[in-house]
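A.B. asks: Generate a structure from the sequence data that follows.
(one chain, ligands or ions: 2)
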Amino acid sequence: MAFINYVTHIQFDFGAVRLLAQECQRVGITRPLVVTDPGVKAAGVLQKALDALGDLPVTVFDSTPSNPTEAAVHAAAALYKQHHCDGLIAVGGGSAIDCAKGVAIAATHEGPLKMYATIEGGSAKITEAVAPIIAVPTTSGTGSEVARGAIIIVQDHRKLGFHSWHLVPKAAICDPELTYGLPPMLTAATGMDAVAHCMETFMSAAFNPPADGIALDGLTRGWAHIERATRNGQDAEARRQLMSASMQGAMAFQKGLGCVHSLSHSLGGISPRLHHGTLNAMFLPAVVRFNAQADSVQREQRLEKMAHAMGLSRASDIPAAIRDMNARLGLPAGLTAMGVEPAWFAQVIDGALKDHCHGTNPRTASAHDYEEMLHSSL
Ligand SMILES: NC(=O)c1ccc[n+]([C@@H]2O[C@H](COP(=O)([O-])OP(=O)(O)OC[C@H]3O[C@@H](n4cnc5c(N)ncnc54)[C@H](O)[C@@H]3O)[C@@H](O)[C@H]2O)c1
Ligand SMILES: [Fe+2]
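C.D. replies: Numbering: from 1, shown residues only. Ligands and ions are numbered 1, 2, ... in the order given. Sure thing, here's the model as predicted:
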């Protein structure tokens, strides 16, 4: 069955952060908890959001870790309750936005967070009681500002997905100016997350032609501008296009993602210091090669369409083009350069097989297939 849904109210423009107070009023948030992280604060980006909130009584939680944890979610939820907040404003990358989504659950639902995780059958337990969220992305990567999912490391160290349409932010404020100060390495790594979303969901077999169109267009924009934005963070047009690619990837991945993300979720749970987008950039070439054999990918000429969007003449050139792009962006050459050890692989594969993205890859991966992908990504 095809399920197609586009729900987020989006303000997308240079300077759009100034609409924050207006959006709070529209959504009905009068006492927000702002969820952010130390890097966003140090970069002066948090202050822009606070300035835009004027005299609203604001509480700030600024301790979101990169790869948010259940402990951070509970600490922020305690602050939310203590200050009688009535909604969340996430200012940051995927980590701050997903942390806010976790708080939106924890502040309004009982019990440990893992009860609500997708693989624990928790999606149906997330009700409309969830606190409202306004998301202000400051990276161009995850697209979490328009997505129904949150990725959080729960107390037993698994990095789990939480999915509900109730978690989709009530408003997204996409202001490319907020990303001007994002350093080159993070621009490249988060940008490759956006590219990975567009590619993976486009390859996925679900019938969702609108999502396919959005993903392919997002890939075109992201691929054409990621290098420019990495080389010159002040390149307004490149920042705008990359922010759109990020948003489009996440609008489209309602189709589901695949083995790139099942591997990077699993590995990111084992070693939270590994950046999600960088891991995806490492896995993409191997997964594209693996998916080239999938019936649906071949029948619908999906790799040919991706190659066209990337300005390549042959589908078989895609894996090498991704590796070349990673090198030009200054990303690591492979998992070894990131400090990943083959001794971890058994645990990575176990987590990948159970991940919520495993089932939507266009070709079912066995443990052996995952092992090959990991070895060829070293
Ligand atoms: N919910 C989803 O749909 C979804 C999709 C993909 C990934 N994710 C998750 O999102 C997380 C990663 O998010 P991310 O890649 O956006 O990185 P991030 O949010 O972890 O941020 C990375 C670093 O960049 C800094 N930073 C952010 N914006 C900045 C700015 N404008 N200027 C200077 N520094 C800035 C932060 O302080 C942080 O140190 C992972 O946990 C991943 O699993 C979620
Ligand atoms: Fe991702």
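
A.B. asks: V103 touches A75, doesn't it?
C.D. replies: No - between V103 and A75 there is no contact under Cβ atoms under 8 Å: 9.2 Å. Backbone N, C-alpha and C define where each C-beta goes, glycine included.

A.B. asks: So which of these two has more stuff around it?
C.D. replies: Higher neighbour count among V103 and A75: V103, with 31 against 17, using other Cβ atoms under 10 Å.

A.B. asks: before we move on, the earlier item: list residues touching both of V103 and A75?
C.D. replies: F61 (Cβ atoms under 8 Å, 6 or more residues apart in numbering).

A.B. asks: helix, strand or coil for F162?
C.D. replies: For F162, the assignment made with DSSP: H, G, I helix; E, B strand; the rest coil gives strand.

A.B. asks: which SS state does V34 fall under?
C.D. replies: strand.

A.B. asks: er, I134 actually
C.D. replies: strand.

A.B. asks: One more: H74?
C.D. replies: Assigned with three-state DSSP, H74 falls in the helix class.

A.B. asks: ok, it to S144 distance?
C.D. replies: Separation of H74 from S144 (Cβ to Cβ, to the nearest Å): 20 Å.

A.B. asks: In terms of neighbours, single out the busier of these two.
C.D. replies: S144 (31 against 17).

A.B. asks: check contacts around the more buried one.
C.D. replies: 94, 97-98, 101, 135, 137, 150, 250.

A.B. asks: Nearest residue to it in space, please, no chain neighbours.
C.D. replies: I97 (4.0 Å; Cβ to Cβ, 6 or more residues apart in numbering).

A.B. asks: from what I can see the one you found touches L88, true?
C.D. replies: No - contact criterion Cβ under 8 Å: I97 and L88 do not qualify, at 9.5 Å.

A.B. asks: what do those two both touch?
C.D. replies: With Cβ under 8 Å, 6+ apart as the test, I97 and L88 both reach 35, 133.

A.B. asks: State the pLDDT value of whatever residue of the stretch 251-378 of the chain ends up closest to ligand 1.
C.D. replies: In the stretch 251-378 of the chain, the residue that lies nearest ligand 1 is H276 (3.8 Å; Cβ to the nearest ligand atom). With respect to pLDDT, H276 scores 93.

A.B. asks: And V7, by the same measure?
C.D. replies: 76.

A.B. asks: R240 now?
C.D. replies: pLDDT at R240 comes out at 98.

A.B. asks: Please apply the same query to V34.
C.D. replies: So, for V34, pLDDT stands at 98.
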